[in-house]
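In: Predicted model and sequence follow; I will ask about them next.
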Amino acid sequence: MDQASTMLLDRSIEIVENRLPELAERYMHVPLDYYTSEEFDARERQLFMTQPRALLASNEIANPHDYHVRMAMGRSILLTRDAEGKAHAFLNYCRHRGAEPASGCGNAARLSCPCSGRHLGADQHGPRPAPLVARPASATVGLVLRSTRPSLLTPC
């Protein structure tokens, strides 16, 4: 066994024997009230519901009319790419009865609501009023970002 392997093995044994995380001096203790505090929950929801979130790698909807459904903060989000190559994000619920017009991923120029049969395009050029609620989205650094606040996203 070479010296580097021996040092790695010794370090592994030390971590196990001392019951310490590898890159920290001690374990982090999270107070139990963090899990039950309504105030803490409200602050977390404010943070996660208003700040941009990376939901998808851009190459997962690389082609025109590609779509992908993701769950984020308890909501179904439909991410699409239109014919011009721009990324879009929608709440994946039809306004008619809340049915989800898409699931999984795929490529389709039009999606249909399973309840009402209404068609909508990947760029939301469907019937008016729009059957889906659009959310600001931006494709940047290889990720598709989604936010409830448009000012936080840069243009695609």
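Out: Thanks, I have the structure now.
In: quick one: the lengthiest helix in the chain to chain centroid distance?
Out: Longest helix in the chain, counting residues (DSSP state H): helix 3-18. Relative to its parent chain, helix 3-18 has a centroid offset of 38 Å by Cα atoms, centre = their mean, to the nearest Å.
In: what's the answer for stretch 100-115, then?
Out: Going by Cα atoms, centre = their mean, where stretch 100-115 is centred and where its chain is centred differ by 18 Å.
In: ends of that stretch, how far apart?
Out: Taking Cα to Cα, to the nearest Å, stretch 100-115 runs 9 Å from one end to the other.
In: what is the mean pLDDT for it?
Out: For stretch 100-115, mean pLDDT rounds to 85.
In: strand partners of the helix or strand harbouring Leu55, parallel vs antiparallel please.
Out: If you go by DSSP states H and E, Leu55 is part of strand 53-57. Strand pairing for strand 53-57, determined by DSSP bridges: strand 143-146 (antiparallel).
In: got the CA positions of stretch 55-66 in PDB?
Out: What follows is stretch 55-66, C-alpha atoms only, in PDB (Å, rounded to 0.1, in the frame of the first residue of the first chain):
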ATOM      1  CA  LEU A  55     -35.400  23.800 -11.100                       C
ATOM      2  CA  LEU A  56     -33.800  22.200 -14.200                       C
ATOM      3  CA  ALA A  57     -30.700  22.000 -16.200                       C
ATOM      4  CA  SER A  58     -31.200  23.800 -19.500                       C
ATOM      5  CA  ASN A  59     -30.300  20.700 -21.500                       C
ATOM      6  CA  GLU A  60     -33.300  18.900 -20.000                       C
ATOM      7  CA  ILE A  61     -35.500  21.100 -22.200                       C
ATOM      8  CA  ALA A  62     -32.900  21.700 -25.000                       C
ATOM      9  CA  ASN A  63     -35.200  21.400 -28.000                       C
ATOM     10  CA  PRO A  64     -38.200  23.400 -29.100                       C
ATOM     11  CA  HIS A  65     -41.400  22.200 -27.500                       C
ATOM     12  CA  ASP A  66     -39.600  20.100 -24.800                       C
END
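In: picking that back up, what comes up buried for the longest helix of the chain?
Out: Residues of helix 3-18 include none that count as buried (16 or more other Cβ atoms under 10 Å). Where you see a C-beta, it was placed from the backbone N, CA and C, and this is true even at glycine.
In: same deal with stretch 25-43?
Out: Using 16+ other Cβ under 10 Å as the burial criterion, none of the residues of stretch 25-43 qualify.
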